[in-house]
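S.K.: Provide a 3D model corresponding to the input given below.
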Amino acid sequence: MTFPNQKFGDIAAYADAYFDQWQKAAASVDRSKLAEAANILGRLYERGGVLWVCGNGGSAAISNHLICDHGKLLATDSGLTPHVHSLVANMPVVTAIANDISYDEVFVHQLRLNAKPDDAVVTISSSGDSENVVRAAKWARDQGMDVISMTGFNGGRTAELATVNLHVDADNYGVIEDTHQALMHLLGQYLRQARMDEGVIKQRKF
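M.R.: Now for the predicted structure:
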């Protein structure tokens, strides 16, 4: 059953229903997969590899937000110096590739020019099936790089291509994107606090 599947005349009722959907979506994320993703990212940041992140629309916004939370914030007090780049952040590059080559190539073209074998990729796509995201994931896996995919709906091709798929069992874009945003936050916060002295943790705001 999709959400919403009826008309709501009261925003409070809609909010209750929406947050109920969000709770179920958050609970649906496989915790063992989440642990795998945290291990991949932890090892990556410790060895100095680069994390490349991509997505379209709201997922592009999450990709850009991830730069902040897995860069500046994760580096604070942790002893890590994460290198995180969003493949959607440089709009002159994105539009040049889209205009001169193809929008399907906007992410993978940047990876071909800049990524190294010790790097990793996070793809964020509710459908898991956006062609530009799929091409980035496939290329990265072909190079032996780890790929963490965040998906919803039926998972799409990136769910199959990824080293680890963080799947959200939901069929509403807002609910899925809210959960992807939460996954981005909690991965960064978990990795940060795991490398901090407990006394310092108590003094900080996360």
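
S.K.: hmm, residue 132 and residue 104 touching each other?
M.R.: Yes - using C-beta atoms under 8 Å, residue 104 is in contact with residue 132, at 5.1 Å. All C-beta atoms are positioned from the backbone trio N, CA, C, and that covers glycine.

S.K.: okay, the two: which has more neighbours?
M.R.: residue 132 (25 against 17; other C-beta atoms under 10 Å).

S.K.: residue contacts, that one?
M.R.: 54, 56, 103, 104, 105, 106, 107, 108 (C-beta atoms under 8 Å, 6 or more residues apart in numbering).

S.K.: at 7 Å what do you get?
M.R.: 103, 104, 105, 106, 107 (C-beta atoms under 7 Å, 6 or more residues apart in numbering).

S.K.: what of residue 37?
M.R.: Counting by C-beta under 7 Å, 6+ apart, the residues that residue 37 touches are 148, 164, 166, 187.

S.K.: specify the beta-bridge partners of the second one.
M.R.: Judged by DSSP bridges, the bridge partners of residue 164 are residue 148.

S.K.: now do the helix or strand where residue 53 lies: which elements does it pack against?
M.R.: According to DSSP states H and E, residue 53 maps onto strand 50-55. Strand 50-55 is packed against helix 58-70, strand 83-86, strand 120-124, helix 131-142, with contacts defined by 3 or more C-beta pairs under 7 Å, 6 or more residues apart in numbering; DSSP states H and E.

S.K.: same thing but at 10 Å, please
M.R.: helix 31-47, helix 58-70, strand 83-86, helix 108-114, strand 120-124, helix 131-142, strand 146-151, helix 173-194 (3 or more C-beta pairs under 10 Å, 6 or more residues apart in numbering; DSSP states H and E).

S.K.: could you list the low-confidence segments of the protein?
M.R.: 1 (pLDDT under 70).

S.K.: skipping its backbone neighbours, what lies nearest the residue nearest the centre of the chain in space?
M.R.: In the chain, the C-alpha nearest the mean C-alpha coordinate belongs to residue 124, at 4.6 Å (C-alpha atoms, centre = their mean). Distances taken as C-beta to C-beta, 6 or more residues apart in numbering place residue 55 nearest to residue 124, at 3.6 Å, with adjacent residues excluded.

S.K.: residue contacts, the one you found?
M.R.: 61-64, 66, 86-88, 107, 122-126, 130, 132-133, 136, 150, 177, 180 (C-beta atoms under 10 Å, 6 or more residues apart in numbering).
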